[in-house]
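Student: could you look at this predicted model? Sequence included:
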Amino acid sequence: DLVEKSDISFDLTVSYSGIEHDGLGRYGDPVNPDGDVSAMREMWLLTRPGGVLLLAVPRAGKKNQPQTDIQIWGDGKIHVLQHRNYGAERYMRLLV
């Protein structure tokens with residue numbers, strides 16, 4: 001993995017409305033239901049020890065979701081070929 005072998009690291013890493021798209025194939029990336037978790041791992045690897053990682057992702061709401069939703073691990077959902085919304089369980093999975 002290129003990130004693991006990289007000597008590059010950052011004091012501050014920011015992801016604002018990005019990782020919820022990873023692994024859904026919408027932008028030519030391989031389909032991977034845990035693509036967001038993989039992307040988060042890469043961001044942690046690129047953040048220098050003692051550095052800060054700022055993360056913003058869409059929150060799962062209580063509204064009726066479109067028929068294109070797929071339930072994912074915990075209380076998260078994938079909006080097919082669009083993005084993920086995060087409930088507490090899925091969000092916590094990104095942080096461990």
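Tutor: On my side now, so go ahead.
Student: sketch out the low-pLDDT regions of this protein for me.
Tutor: Low-confidence segments of the chain (pLDDT under 70): 1-2, 61-74, 77-81.
Student: top strand in it by residue count?
Tutor: With secondary structure taken from DSSP state E, the chain has its longest strand at strand 47-56.
Student: and that strand, which strands flank it?
Tutor: strand 10-16 (parallel) (DSSP bridges).
Student: quick one: buried residues of the partner strand?
Tutor: 13, 15 (16 or more other CB atoms under 10 Å). (Each C-beta comes from the backbone N, C-alpha and C, glycine too.)
Student: what are the contacting residues of it?
Tutor: For strand 10-16, contacts defined as CB atoms under 8 Å, 6 or more residues apart in numbering pick out 39-40, 43, 46-48, 51-57.
Student: widest-spaced pair of these?
Tutor: Farthest-apart pair in the contacts of strand 10-16 is R48 and V57; separation 22.4 Å (CB to CB).
Student: which parts of the chain are helices?
Tutor: 2-5, 35-46, 88-95 (DSSP state H).
Student: just name the most buried of these.
Tutor: Scoring those by mean neighbour count under mean count of other CB atoms under 10 Å gives helix 35-46 as the most buried, with a mean of 18.
Student: that one to helix 88-95, inter-axis angle?
Tutor: Interaxial angle of helix 35-46 relative to helix 88-95 (axes from the mean of the first three to the mean of the last three CA atoms, to 10 degrees): 40 degrees.
Student: which strands and helices lie in contact with helix 35-46?
Tutor: helix 2-5, strand 10-16, strand 47-56, helix 88-95 (3 or more CB pairs under 8 Å, 6 or more residues apart in numbering; DSSP states H and E).
Student: rewinding a little: need the helices of the chain in CSV with distance to T13, can you?
Tutor: Output for the helices of the chain, formatted as CSV (distance: least, CB to CB, whole Å):
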stretch, distance to T13
helix 2-5, 12
helix 35-46, 5
helix 88-95, 13
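Student: looking at these, which is closest to Y27?
Tutor: Comparing the helices of the chain by CB to CB, helix 35-46 comes nearest, at 10.8 Å.
Student: which residues touch S38?
Tutor: 22-23, 32 are the contacts of S38 under CB under 8 Å, 6+ apart.
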